[in-house]
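Asks: Structure for the following, please:
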Amino acid sequence: MIITTDYPATINHIKSHLQREFEVKDLGNLHYFHGLEINQTPCGYYLSQQKFATDIVNRAGLTDLKLARMPLELNVKLNATNGDPLFDVTKYRHLIGSLFYLTITRPDISHMVHVLSQFVTAPHSSYQLALLRVLRYIRETPSRALFFSASSSLILCSYSDADWASDIIDRQSTIGYCIFLDDSLIYWESKKHDVVSHSNVEL
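Replies: Numbers count the residues shown, from 1 in each chain. You can find the predicted model right below:
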């Protein structure tokens, strides 16, 4: 197979090759795939999960119209003794699983989903309240999207930050980082350290 710099011709060549080998159908430009919404513009691509986000909020069955401007309340520390154990943990686990899939395009909730997922085995009412805040934040910002520029340079830039012994259960620190290709966010992660640091110099 010959690959050229003429992208439309190359794409058509690949399509023809696939159609000869397999039974396939050309559906045109990608717009929706497994909850991912792709909006193509001359400037680039917008990747979002607006419908999926709205579906999560609807499945949660929120009975109020409250909104939240941030997914996490300031200075809140969750631990295994906060609140009362939930009688039915199935819904909590289901919502956490759905939120994990939503983080494909929503780095703004990645950290909070990571925190709440640590308590899926035995969630308490305080975690439920924190989860409801995340859902209200999603209801406030359902159309948040990632933008991938059509004319970005091949310059990688990364940012990172960490706290120190923020987890009041095991005193482990949390680190977060993100990587940009020019101005397009291509990777991000939030996770706890495997060991306990004695100072923030060790992070």
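Asks: the strands in this protein, which residues?
Replies: Assigned strands in the chain, in chain order: 32-33, 36-41, 44-48, 145-149, 156-162, 174-181, 184-192 (criterion: DSSP state E).
Asks: I'd guessed Ser153 sits against Phe180; true?
Replies: No. The pair Ser153 / Phe180 is not scored as a contact, 10.8 Å apart, by Cβ atoms under 8 Å. C-beta coordinates here come from the backbone N, C-alpha and C atoms, glycine included.
Asks: The two - which one has more neighbours?
Replies: Neighbours per residue, other Cβ atoms under 10 Å: of Ser153 and Phe180, the larger number sits with Phe180, 16 against 9.
Asks: And the pLDDT at the residue nearest to that one when sequence neighbours are not counted?
Replies: The shortest distance from Phe180 to any non-neighbouring residue, by Cβ to Cβ, 6 or more residues apart in numbering, is to Cys157 (4.8 Å). The predicted local distance difference test score for Cys157 is 94.
Asks: Identify the residues contacting Cys157.
Replies: Ile179, Phe180, Asp182 (Cβ atoms under 8 Å, 6 or more residues apart in numbering).
Asks: and the strands of the chain as CSV, adding distance to Ala68?
Replies: Converted to CSV, those look like this (distance: least, Cβ to Cβ, whole Å):
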stretch, distance to Ala68
strand 32-33, 27
strand 36-41, 23
strand 44-48, 19
strand 145-149, 19
strand 156-162, 22
strand 174-181, 20
strand 184-192, 19
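Asks: closest to Ile11 out of those strands?
Replies: Smallest distance to Ile11 across the strands of the chain (Cβ to Cβ): 13.7 Å, for strand 36-41.
Asks: Sheet-wise, list the partners of the closest one with their directions.
Replies: strand 32-33 (antiparallel), strand 44-48 (antiparallel) (DSSP bridges).
Asks: low-scoring stretches of this protein, by residue?
Replies: Segments of the chain classed as low confidence (criterion: pLDDT under 70) are 1-6, 80-81, 165-171, 193-203.
Asks: and it, what are its domains?
Replies: In the assignment given by automatic domain parsing, the structural domains of the chain cover 34-151, 153-203.
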